[in-house]
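Asks: test case, fold it:
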Amino acid sequence: MGLEQLNRLPDTAAEISEIAVNLGADPARDIYLGVDASETTVRTRDLSRKKVVAFATHALRPGDLDGLSQPALAFSSPDVTGKDEDGLLTMGEVLSLKLDADLVVLSACDTGAADRQGSEAVSGLGRAFFYSGARALLVTMWPVETSSAHRLTTGLFKWRTREAGLSWARALQHSMLELMDAPGLRHPDGTVVARYAHPLFWGSFVVVGDSGNR
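Replies: The predicted structure is shown next:
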């Protein structure tokens, strides 16, 4: 299986854009979608002055793609970007980043789950972001559904913006409670097929590291 065969994630562009709005970011300089969402962009961009860095994409474990030997984040395929790269930000490449971020958002499946039974509670990919300078991570402990993930991550920043001094963990809790009261996952015909109150939709997300309560 190759990178180009991964399923598209229809909610991720809106998720990143809404996070940027809540942070007052400059869309022209701070958001990278589609053809601009390349591995090269991440590796060459100066991230050292960014206090929040957010990724909404596929997280991969060794063996998920042909020849993949490290955990990685998937970016747009080189067939789309035209870049001379493999489109994957591996754990080793994360370690080469220079961050000074209060929070790194890894809105993808299994970004916080241990790599194997008996290993540390945070994945190697997550630990790599800590080693690179992140003070806290928003990660997931199992596969996530995209529309609820969108609501949860954007809600975290909405609450954080609304209440000064709110910790990342407390803002996440507020977002979870808000999600539980939402109508739920809808079929294209408008019928609700699953309630967001089920922990499947919100229990996966955790904040690890500095609470950010300052």
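Asks: what are the boundaries of the helices in this protein?
Replies: Taking DSSP state H as the test, the helices found in the chain are 12-23, 27-30, 39-44, 78-81, 91-94, 124-131, 146-162, 168-180.
Asks: residues in contact with the third one?
Replies: Think helix 39-44. Outside helix 39-44, the residues within contact range by Cβ atoms under 8 Å, 6 or more residues apart in numbering are 32, 75, 81, 83, 85-89, 93, 96-97. Bear in mind the C-beta positions are built from the backbone N, C-alpha and C, glycine included.
Asks: mind listing what's buried in it?
Replies: If you call a residue buried by 16 or more other Cβ atoms under 10 Å, then helix 39-44 has these buried ones: 39, 41-42.
Asks: now render these as CSV, adding pLDDT and distance to Pro71.
Replies: As requested, those are exported to CSV (pLDDT from 0 to 100; distance: Cβ to Cβ, whole Å):
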residue, pLDDT, distance to Pro71
Glu39, 96, 14
Thr41, 95, 20
Val42, 96, 15
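Asks: and for this structure, the residue most distant from the center?
Replies: Asp189 (28.8 Å; Cα atoms, centre = their mean).
Asks: in terms of pLDDT, where does it sit?
Replies: With respect to pLDDT, Asp189 scores 81.
Asks: equivalent analysis for Gly112, please.
Replies: With respect to pLDDT, Gly112 has a value of 73.
Asks: ok, now Thr146?
Replies: Here, the pLDDT recorded for Thr146 equals 89.
Asks: swap in Thr81?
Replies: For Thr81, the model assigns a pLDDT of 92.
Asks: nearest to Val139, out of the helices of the chain?
Replies: Closest approach to Val139 among these is made by helix 124-131 (5.3 Å; Cβ to Cβ).
Asks: helices and strands around that closest one, which ones?
Replies: On a contact count with 3 or more Cβ pairs under 8 Å, 6 or more residues apart in numbering; DSSP states H and E, helix 124-131 meets helix 91-94, strand 103-107, strand 136-140.
Asks: okay if I get these as TSV plus distance to Val207, mean pLDDT and mean neighbour count?
Replies: Listed next are the helices and strands packed on helix 124-131 as TSV, based on distance: least, Cβ to Cβ, whole Å; pLDDT from 0 to 100; neighbours: other Cβ atoms under 10 Å:
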stretch	distance to Val207	mean pLDDT	mean neighbour count
helix 91-94	19	95	19
strand 103-107	8	95	25
strand 136-140	6	95	24
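Asks: now those in a markdown table, with distance to Gly212?
Replies: What follows is the helices and strands packed on helix 124-131, written out as a markdown table (distance: least, Cβ to Cβ, whole Å):
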| stretch | distance to Gly212 |
| --- | --- |
| helix 91-94 | 21 |
| strand 103-107 | 7 |
| strand 136-140 | 6 |
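Asks: among the ones you listed, which comes closest to Glu15?
Replies: Per Cβ to Cβ, nearest to Glu15 of the helices and strands packed on helix 124-131: strand 103-107, 6.5 Å.
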